[in-house]
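**Q** Got a sequence here, can you build the structure:
(2 chains)
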Amino acid sequence: MCIIGSSRRQRERLIHLLEADEATVSGPAGRRRADRDRMIKSFERSAAGRPVSERRCLRPPAVLLETVGYVFHSVLPRAESVGWPAVYAFCVDRLRAVRQDLTVQQAAGPQALAVLRRCALFHLYADYRSRDCPLDVFDRHINTRQLQECLLGVLRLQQAQPDGPTELCERFEAVHLLTSLPHERRMHERWLRPTNRDLRLALEFRNAWELGNFVRACRLAGEMSPLLQLAVYRHLAALRQRGLRVLAAAYGSGSLAVSAAAVAGWLGYDDVTDLRCDVTQCARLTERGDAVFDRKLSTSQVKVPDRGWLSLERALRDPARLLAVCQLTDDTQR
Amino acid sequence: MATMSLNAYLGQVSSAWGRRRGPQAAELLSLRHPHVMSSRLQLEHPEDHVQDVLDSPLDELVAAHLRCVWAVSNNDYSEAHRCQSAVVSCFAKVFVTHKDDNWALPVMNTICLDLRRVAAAADAERTRAGQGHPGEVLEKAAEGLMSCFRVCAGDTRAEMDETKRWGMLNLVNQLFKIYFRVNKLHLCKPLIRAIESLPFKTEFSLSQLVTYRYYTGRKAMFDCDYKAAEEALHFAFLRCHKDCQKNKRLILIYLIPVKMLLGHMPQESLLVKYNLLQFSEVVKAVTEGNPRRLSAAMAAHQAFFIKCGIYLILEKLRTITYRNLFKKVFLLTGSVQIDISKFQAALLATGADADIDADETACILANLIYEGRMKGYISHAHQKLVLSKKEPFPALSAGVVVS
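**A** Model (predicted):
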């Protein structure tokens, strides 16, 4: 997939683990031999006197779509064997090169749109998958910025489509809406009565979020499709943080206990044990494990970690099927 | 003026520039001055004529202006924008060489205003033709304005009377208009920081201060900092000239929702005076504590609210509506210990979603307690709300917790 650059990278010993042929994968990094079927063009910044990309190295949208498909079907599943940090670093770089090629040739049209949607999906998936990774492996801020770049590109190309918004376009509007909370405060008339289920759920989630209605927000999150759940995942911790402070203010009187199972249900926890761990910042636990909230702690800083989400774990069990699960396998014509 | 010859025009420009007469030079470089009506000044290629009379770099600036006049007369706003950008760029290079002198500030204000207006027209033209994406030209114009802003902001050594920093607020207001139009509010933050750090920030002209406070108020509103928004918009409304009814109405469009969120409802007479009856039903619905009426009021004028960008802010009034509804439940019950099911029934009777259950009702109650709109606590085991005997529903205007 990257015939032109492969010999230079081989010479400069820049072959990535995921591009090496099987015989040299486990050997030292400098001795890896390129497997031409696994090589993908890497990202390179423009420099003075050097064009961003030589013409013969620019991949047309159809090839970029194949490349991205290869990343999803063949690279992501290798996280089991080589570890997620290596796969993440590799995919981020190669998908950045893909987007660079799109930008340089100012590609538009259904294939370019499909490529950008897949790039956006990767960053959404990475945000969930990397929740326990240290900062030197995964920086959420950088990932979010790259996600926003992809989504803005998607929205721009969607607007330019001659046939008007399709169902998938509306789903990605919903994704953009959720990933931009709380900054995205625009409203459009066609959003007042959305026919698309994902868009309707995203708008209702935003309303619930704005009003602080964490019960409704968590319920809506549970009803969303995997694509939308990946977009909304980043807000769950903040929702729970605020929710715990609200509960401390409202239930924090004397020694009245609230069932931990009930609180876990309100805040969308899959596991009551996780809730019991987080709730101790504004409540004490009884012998039965119920929560007795302390009103005085309702104004304190509550910090809730990002937790796994059973619904997503089930949906994304097989990374090779990520595109199919998120219903992105058939969008190259629109 | 409308039949001015090229030589006469160039003579006047040369004289105004040479004598450092800012207002006069500004008029001669304005796209709104009568001289642009003269066909003798609408020149596609004025460079040679201008170079014969004026010295560099003024010749480049004036030539670009005359070409812009030609483009505007042909309704070619894309070309007009390119020319006006050249005018601003040229001016910025000249302006920075004026050491300890700010006589050319009126020129800067005029050409920057023209740049923004021409860019808006070019943007509309391109959008109609299906070229590029909306806001693209305006963003380029913002870059030109920023180049002038950097020149002004960097003039820190001149005396108060001579400093170019007096031009900063005008430019910031122009930039605000662009950033609000292209919905990039986050770009306003560094500009606000720059103005707030000026020691003479309150000494600008009142008109500029009113505009500045209007936009900072709107920005604070979108950032959910309602106290700061109220302060800024209140200032803008009070200090806006009484004859500028249109501007006062514009300020009120944002001040009214902010005030309502802080518990102050507008009088009907105010809405009538400024032709803002779109808010009338909303006010009645919130005061009455009727969510269904609020939804209907929002739907009745949804186009207006969406266009002004206040639809979501008004949705937040639902919290106050619930508070007023629950207060009615309390008054009807006559007891400080009330079953949550009664509140749930009230919500269902007044238009809440059919699937609202006790958990969600309790969540709404909990939020009202957390925000200080109700005093009391909830007993989960007994499924009751226990209100404080003393002032269970504090006045809406008595500060809330910012969450």
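**Q** contacting residues for the residue in the stretch 51-200 of chain A that chain B sits nearest to?
**A** Relative to chain B, the nearest point of the stretch 51-200 of chain A is A:M187 (4.4 Å; Cβ to the nearest Cβ). For the C-beta atoms, the positions are set from N, CA and C on the backbone; glycine is no exception. For A:M187, the residues meeting the contact criterion (Cβ atoms under 8 Å, 6 or more residues apart in numbering or on different chains) are B:F305, B:I306, B:G309, B:Y311, B:L312.
**Q** State which helix of the chain is the longest.
**A** All of this is about chain A. helix A:226-251 (DSSP state H).
**Q** Switch to chain B, please.
**A** Once chain B is assigned using DSSP H, the helix that runs over the most residues is helix B:105-128.
**Q** C-alpha coordinates for that helix, PDB please?
**A** Extracted as PDB, the C-alpha positions of helix B:105-128 are listed here (Å, rounded to 0.1, in the frame of the first residue of the first chain):
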ATOM      1  CA  LEU B 105      -7.000  56.300  13.300                       C
ATOM      2  CA  PRO B 106     -10.200  57.700  11.600                       C
ATOM      3  CA  VAL B 107      -8.800  56.200   8.300                       C
ATOM      4  CA  MET B 108      -8.200  52.900   9.900                       C
ATOM      5  CA  ASN B 109     -11.700  52.800  11.400                       C
ATOM      6  CA  THR B 110     -13.300  53.700   8.100                       C
ATOM      7  CA  ILE B 111     -11.400  51.200   5.900                       C
ATOM      8  CA  CYS B 112     -11.900  48.400   8.400                       C
ATOM      9  CA  LEU B 113     -15.600  49.000   8.600                       C
ATOM     10  CA  ASP B 114     -15.800  48.900   4.800                       C
ATOM     11  CA  LEU B 115     -13.700  45.700   4.700                       C
ATOM     12  CA  ARG B 116     -16.200  43.900   7.000                       C
ATOM     13  CA  ARG B 117     -19.200  45.200   5.000                       C
ATOM     14  CA  VAL B 118     -17.700  44.300   1.700                       C
ATOM     15  CA  ALA B 119     -16.700  40.900   3.000                       C
ATOM     16  CA  ALA B 120     -20.300  40.200   4.200                       C
ATOM     17  CA  ALA B 121     -21.600  41.100   0.700                       C
ATOM     18  CA  ALA B 122     -19.000  38.900  -1.000                       C
ATOM     19  CA  ASP B 123     -19.900  36.100   1.400                       C
ATOM     20  CA  ALA B 124     -23.500  36.400   0.600                       C
ATOM     21  CA  GLU B 125     -22.700  36.500  -3.200                       C
ATOM     22  CA  ARG B 126     -20.600  33.300  -2.900                       C
ATOM     23  CA  THR B 127     -23.200  31.500  -0.800                       C
ATOM     24  CA  ARG B 128     -25.900  32.300  -3.400                       C
END
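**Q** mind checking the SS state of the residue of the stretch 51-200 of chain A closest to chain B?
**A** Counting by DSSP: H, G, I helix; E, B strand; the rest coil, the backbone at A:M187 sits in coil.
**Q** show me the contacts for A:L192.
**A** Listed by Cβ under 8 Å, 6+ apart, the contact set of A:L192 reads B:A299, B:Q302.
**Q** What pLDDT does the model give it?
**A** Listed pLDDT for A:L192 reads 81.
**Q** give me phi/psi at it?
**A** With angles defined as degrees, to the nearest 10, A:L192 sits at phi -70, psi -30.
**Q** How far off centre is stretch A:33-50?
**A** Taking Cα atoms, centre = their mean, to the nearest Å, the mean C-alpha location of stretch A:33-50 is offset from the chain mean by 25 Å.
**Q** next one: stretch A:293-301
**A** Distance, stretch centre to chain centre, for stretch A:293-301: 32 Å (Cα atoms, centre = their mean).
**Q** tell me the mean pLDDT over the host helix or strand of B:Y9?
**A** Per DSSP states H and E: B:Y9 is located in helix B:6-18. Averaging pLDDT along helix B:6-18 yields 92.
**Q** picking up where we left off before, which element follows the longest helix of chain A toward the C-terminus?
**A** Moving toward the C-terminus from helix A:226-251, the next helix or strand (DSSP H and E) is strand A:257-258.
**Q** strand partners of that following strand, parallel vs antiparallel please.
**A** Each strand that pairs with strand A:257-258, with its direction, by DSSP bridges: strand A:291-293 (antiparallel).
**Q** and whatever helix or strand comes next after the strand it pairs with, what other elements does it pack with?
**A** Counting by DSSP H and E, the element after strand A:291-293 in chain order, helix or strand, is helix A:310-315. With contacts taken as 3 or more Cβ pairs under 8 Å, 6 or more residues apart in numbering or on different chains; DSSP states H and E, helix A:310-315 sits against helix A:226-251.
**Q** Can I get the lowest-mean-pLDDT helix or strand in chain B as CSV, trimmed to CA atoms?
**A** Counting by mean pLDDT, DSSP states H and E, the weakest-scoring helix or strand in chain B turns out to be helix B:47-53, with a mean of 89. Once side chains and other backbone atoms are set aside, the C-alpha atoms of helix B:47-53 remain, and they are given as CSV (Å, rounded to 0.1, in the frame of the first residue of the first chain):
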residue,chain,number,x,y,z
GLU,B,47,-2.4,52.5,-10.9
ASP,B,48,-0.7,54.5,-13.6
HIS,B,49,-2.8,57.7,-13.0
VAL,B,50,-2.4,57.5,-9.3
GLN,B,51,1.4,56.9,-9.4
ASP,B,52,1.8,60.0,-11.4
VAL,B,53,0.3,62.1,-8.6
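**Q** For that helix, buried residues please.
**A** Neighbour-count burial for helix B:47-53 flags B:H49, B:V50, B:V53 (criterion: 16 or more other Cβ atoms under 10 Å in any protein chain shown).
**Q** Likewise for stretch B:180-189?
**A** Of the residues in stretch B:180-189, those scored as buried under the neighbour-count criterion (16+ other Cβ under 10 Å) are B:F180, B:R181, B:V182, B:L185, B:L187, B:C188.
**Q** what about it, start to end distance?
**A** Between the start and the finish of stretch B:180-189 there is a gap of 12 Å, counting by Cα to Cα, to the nearest Å.
**Q** which SSE is the residue nearest to the spatial centre of chain B in?
**A** The centre of chain B sits closest to B:Y215, judged by Cα atoms, centre = their mean, with a distance of 3.6 Å. Assignment of secondary structure by DSSP H and E places B:Y215 within helix B:206-222.
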